[in-house]
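Just a sequence and a predicted model for now, questions to come.
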Amino acid sequence: MATSSNRDHFFQTSTALDEQHRKDAKAQNSNGNPIKLPSKILAARADPWNPGSIYIAQSSGTVRRIVLETGETAALFKGPTAPVTSVCLSPNGKLLFAGCWDKTIWSWDVSSGQPHRQYEGHTDFVRSVTSVRFRGEDWLISGGADAQVLVFNINSGQRTETLKGHARGIQDLVVDPESESSQAIIFTAGSDREIRSFNLLGGDLSEPLLPHDTSVYKLFFDNDADLWTASADKTAKCLMREDGWKANLTLVHPDFVRDIVIYEPGGWVVTACRDEEVRVWNRSTGELHHTFSGHFEEVTGLVLVGSTVVSVGIDATIRQWSLRPDELQNAVELAQKGTPTEEDKPNTESMLTEEEERELAELMDE
């Protein structure tokens, strides 16, 4: 018997149909000069060795280096057969790493594109990866849905540390920029709403920070080494180092905040939201300055490339938004002249709870 994966061949609720029609209509927009790719984009990372390029992690199991000006794929890295959730480069830029749903971290030689080594040890999805040079060695750090942080020596491939403390999965991890000269400190964000810090060479350093009510998705250190956070509690916050990591600014959103970056020259905070929007906030006052609309699915990541913030999403597009003063002001003025149509507005009304809608969507996918 023939089978079909076409969604139109299956039962769908009227709410789901209306939402799909809205997305189909919105998908035609050209805001942010979209670069369209064949599968969902789950993460992005800037390429410091090739200005104007970024690496993206895709649900198809591939990693691409994209040239933003042309939209072309300059390099394609293959191997995984499961979604790739995160990417990073080695400290010398010669190796590319990707966390994967298959519980491993894949690596490739950047120049040749050939697979290098797989780093193993997680018992569930790998959600975040980063690297650091410390004491003359290059280290790979990964966080998984198994609530563990693993540390590997990149050259030998050996796992040197297994750091535990979180009760639920790790969502993100970053290296404290003020700790690298003396001791490498890793800050981690978890689904248990905790933010923890670990010494690269082992040990939980302090009691967890609890600035949010639920999952913390992203962490970002600004130039002052203060910590910015993005959470499923629909807020983004700035935690002040000199004030014992207390929040001195809270940015309230209508939906989950998936990523956050700070554009220092303009004094802007830029956030990515599950409601498909990219928002620009005044860092000093916390006021919303502008909303970039274009994505028609959840925005999953942000990358700063010069004076441009690049956003990626489940809609399989890469979009670019200028933060140059004149171009940003022009975008604000254009937005003030026109009002969004009903097709542009997400349909948030539903008789189902959020959990029920998620379960229904999973059943429909199956």
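Great, that's in hand.

can you pull out the helices in this structure?
For the chain, applying DSSP state H gives helices covering 14-26, 325-337, 354-365.

Pull the contacting residues for V110.
The contact partners of V110, by CB atoms under 8 Å, 6 or more residues apart in numbering, come to W49, A75, L89, G93, K94, L95, L96. Where C-beta positions appear, they are placed from N, C-alpha and C, glycine not excepted.

Please read the previous query as pertaining to R319.
Contacts of R319 by CB under 8 Å, 6+ apart are 31-35, 278, 292, 294-295, 310-313.

Let me know the closest of the residues you listed to L17.
The closest of these to L17 turns out to be H295 (CB to CB; 20.5 Å).

Tell me how many other residues crowd that closest one.
Neighbour count of H295, defined by other CB atoms under 10 Å: 28.

swap in D315?
D315 has 23 neighbouring residues, counting by other CB under 10 Å.

Quick check: the gap between the residue most central in space within the chain and A57.
Centroid check for the chain by CA atoms, centre = their mean gives G301 as the closest residue, at 3.6 Å. Distance, G301 to A57, using CB to CB, to the nearest Å: 9 Å.

What of S86?
With the distance defined as CB to CB, S86 ends up 6 Å from A57.

hey, what's in contact with both of those two?
The contact lists of S86 and A57 share L42, A43, A98, G99, where a contact means CB under 8 Å, 6+ apart.

What number of residues are in the vicinity of the nearest residue to the last one once chain neighbours are set aside?
Distances taken as CB to CB, 6 or more residues apart in numbering put V126 closest to G99, at 3.4 Å, once the chain neighbours are dropped. The local packing of V126 (other CB under 10 Å) involves 30 other residues.

V126 reaches P83, doesn't it?
No. The pair V126 / P83 is not scored as a contact, 10.5 Å apart, by CB atoms under 8 Å.

Could you name every residue contacting both of those two?
Contacts common to V126 and P83, judged by CB under 8 Å, 6+ apart, are C100, W101.

got a list of what the nearest residue in space to G79 that is not next to it in sequence touches?
Among residues not flanking G79 along the chain, P115 sits closest, at 5.1 Å (CB to CB, 6+ apart). Contact analysis of P115 by CB under 8 Å, 6+ apart lists G79, W106, S107, W108.

Ok, L89 next?
L89 neighbours (CB under 8 Å, 6+ apart): R45, D47, P48, W49, Y55, L95, L96, F97, V110, S131.

farthest-separated two in the contacts of P115?
Farthest pair in the contacts of P115, by CB to CB: G79 and S107, 9.4 Å.

So for these two, which residue has more residues nearby?
Taking other CB under 10 Å, G79 and S107 do not tie; S107 has more neighbours (23 against 19).

gap between that one and L323?
S107 is 33 Å from L323, by CB to CB.

Other residues contacting stretch 124-137?
Contacts of stretch 124-137 (CB under 8 Å, 6+ apart): 85-92, 97-101, 103-105, 138-146, 153-155, 169-175, 180, 184, 200.

Could you pull out the buried residues of it?
Across stretch 124-137, burial judged by 16 or more other CB atoms under 10 Å covers F125, V126, R127, S128, V129, T130, S131, V132, F134.

Need the pLDDT of the last one.
Think F134. Note for F134: predicted pLDDT of 91.

mind checking pLDDT for S182?
67.

Please read the previous query as pertaining to S311.
98.

Give me the number of neighbouring residues for it.
29.

repeat for the one 10 residues further on
W321 has 21 neighbours, counted by other CB under 10 Å.

same thing with S322?
By other CB under 10 Å, the burial measure for S322, its neighbour count, is 16.

Okay, now stretch 258-269: how far is its last residue from its first?
Start-to-end span of stretch 258-269 (CA to CA, to the nearest Å) is 13 Å.

and it, what's its mean pLDDT?
Stretch 258-269 comes out with an average pLDDT of 98.

Which residues are in contact with each of G301 and A57?
I41, L42, A43, A44.

where do the strands sit along the stretch 101-250 of the chain?
Using DSSP state E, counting those that start in this stretch, the strands of the stretch 101-250 of the chain run over 105-109, 115-119, 126-134, 137-144, 149-153, 159-163, 170-175, 185-190, 195-199, 216-221, 227-231, 235-240, 246-252.

quick revisit: and of the contacts of R319, the nearest to T15?
For these, the closest approach to T15 (CB to CB) belongs to H295, at 20.2 Å.
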